[in-house]
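[1] take a look and give me a structure for this.
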Amino acid sequence: MKLTELDPTLAPETILGRDDLVFVDVRRDPFRVYGLYDYKNEPRFIRIPKEIGDATNDGVKGLNYHTAGGRVRFATDSPVIAIRCKMNGQCYFPHMALSGTSGFDLYQHTDDGRDNYIATFMPTYEKKHGYESLQYTDGGMHTYTIHFPLYNDCVALEIGIQKDAEIDWGAEYLPIKPIVYYGSSITQGGCASRPGMAYQNVISALRNIDHINLGFSGSARGEDIIAEYMAGLDMSIFVMDYDHNAPTPEHLLATHEKLYRTIRAKHPDTPIIMVTKPDARVNEYEINRRNIVFETYRHAVAEGDKNVSFIDGFTFFDPEYHDICTVDGCHPNDAGFMGMARVIGREIDRILRKTNW
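    Residues are numbered from 1 along each chain as shown. The predicted structure follows:
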């Protein structure tokens with residue numbers, strides 16, 4: 001359809017010196033937004049219901065509005081694609097690029113069923129409450145996926161395309177329920193250089209599978225309220241990746257197996273992947289935490305659970321290059337996230353083959 005067919009009242013706006021673009025709110029058809037909760041009705045983009053986030057802990061209460069894992073898909077033949085976003089502010093971290101905390105990544109869907117990276121809509125330091133950005137395409141009719149920021153409160157997003165271009169529904173993800181990831185700042189995407197480099201987004205782009213990112217930096221502690229909420233989600237696979245946010249090994253011991261059992265009670269056959277934290281500094285403390293997670297896995301297997309997996313986070317980084325895979329000995333850089341995507345992606349592939357998805 002033409003934009004004028006979508007809404008004849010829309011008028012061209014000016015961006016970066018152009019007067020031939022028309023902007024449409026991504027909450028409207030034919031856009032589809034993935035990874036965010038009730039996006040057509042919530043006044044701000046959010047990952048879980050407000051009442052759940054507010055009741056979990058103060059960190060989740062705020063980070064719930066960070067759009068990690070959010071994506072919008074659509075199809076167009078416009079030779080240019082622009083964004084106009086509104087934010088309540090920008091996150092500035094000493095160890096993470098602004099393009100990762102506040103940027104949007106543009107991907108093009110290919111005939112072989114994967115998304116390929118095109119460009120990043122770069123934020124600016126001067127405009128803290130939103131910005132406009134534009135990228136060029138080849139002008140053919142394609143499905144595009146735009147990844148939302150990993151660490152930012154995005155209130156509104158509009159997509160701009162050339163006013164005489166076609167716009168339509170984009171390709172859908174494979175008919176598989178979303179993969180749900182629960183975990184720490186690493187799960188949220190810290191410290192990827194851009195949104196598409198978070199390991200879940202890499203896995204999704206290569207396999208055309210939807211997902212929900214419930215990584216909450218410093219705040220994933222396995223509380224009962226969020227465990228019960230996640231157990232109510234419709235999912236294909238559940239990835240437990242919250243090892244390092246449990247404040248102590250004792251807290252991890254008290255919550256990890258309990259969280260597993262909460263999910264399993266509602267999802268008796270859903271594959272569950274238990275993951276321990278990647279670490280460039282292996283020591284007794286980290287090994288102790290790893291062993292707590294492994295004990296949950298061991299108990300599950302001993303009880304006959306055939307749909308549970310364990311991934312040792314110490315295996316994510318190539319031993320020869322383990323010291324260059326993080327920004328601070330803890331949070332992965334892009335090399336570290338690629339290691340996570342390879343290892344976790346292989347296990348997801350094994351599960352998909354086993355279940356004939």
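
[2] quick one: the helices in this structure?
    Under the criterion DSSP state H, the chain contains helices at 3-6, 50-56, 58-63, 98-102, 185-188, 199-207, 224-231, 249-266, 284-302, 334-354.

[3] determine which stretch of these is the most buried.
    Among the helices of the chain, ranked by average contacts under mean count of other Cβ atoms under 10 Å, first place goes to helix 185-188 (a mean of 28). From N, CA and C alone the C-beta is placed, and that goes for glycine too.

[4] what is the mean pLDDT for it?
    Averaged over helix 185-188, pLDDT sits at 96.

[5] follow-up on the earlier one: D115: which of the helices of the chain is closest?
    Across these, D115 has its closest neighbour in helix 199-207 (4.0 Å, Cβ to Cβ).

[6] could you check the angle helix 334-354 makes with the closest one?
    Calculated by axes from the mean of the first three to the mean of the last three Cα atoms, to 10 degrees, helix 199-207 forms an angle of 50 degrees with helix 334-354.

[7] can you name every helix or strand that helix 199-207 contacts?
    strand 115-121, strand 179-183, strand 211-215, helix 334-354 (3 or more Cβ pairs under 8 Å, 6 or more residues apart in numbering; DSSP states H and E).

[8] nearest to R44, out of these?
    Nearest to R44, of the helices and strands packed on helix 199-207 and by Cβ to Cβ, is strand 211-215 at 16.8 Å.

[9] list the contacts for the most centrally placed residue in the chain?
    Centroid-nearest residue in the chain: G69, 2.2 Å away (criterion: Cα atoms, centre = their mean). Residues near G69 by Cβ atoms under 8 Å, 6 or more residues apart in numbering: 35-36, 47, 148, 181, 198, 200-201, 211-215.

[10] for the residues you listed, could you give me a markdown table that also reports distance to Q162?
    Below are the contacts of G69 laid out as a markdown table (distance: Cβ to Cβ, whole Å):
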| residue | distance to Q162 |
| --- | --- |
| G35 | 27 |
| L36 | 27 |
| R47 | 32 |
| F148 | 23 |
| Y181 | 36 |
| A198 | 30 |
| Q200 | 32 |
| N201 | 27 |
| H211 | 31 |
| I212 | 33 |
| N213 | 32 |
| L214 | 37 |
| G215 | 36 |
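
[11] can the helices and strands packed on helix 199-207 go into JSON lines with extra columns for distance to N152?
    Written out in JSON lines, the entries for the helices and strands packed on helix 199-207 read as follows (distance: least, Cβ to Cβ, whole Å):
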{"stretch": "strand 115-121", "distance to N152": "12"}
{"stretch": "strand 179-183", "distance to N152": "19"}
{"stretch": "strand 211-215", "distance to N152": "14"}
{"stretch": "helix 334-354", "distance to N152": "18"}
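
[12] nearest to D224 among those would be which one?
    Of the helices and strands packed on helix 199-207, nearest to D224 by Cβ to Cβ is strand 179-183, at 13.5 Å.
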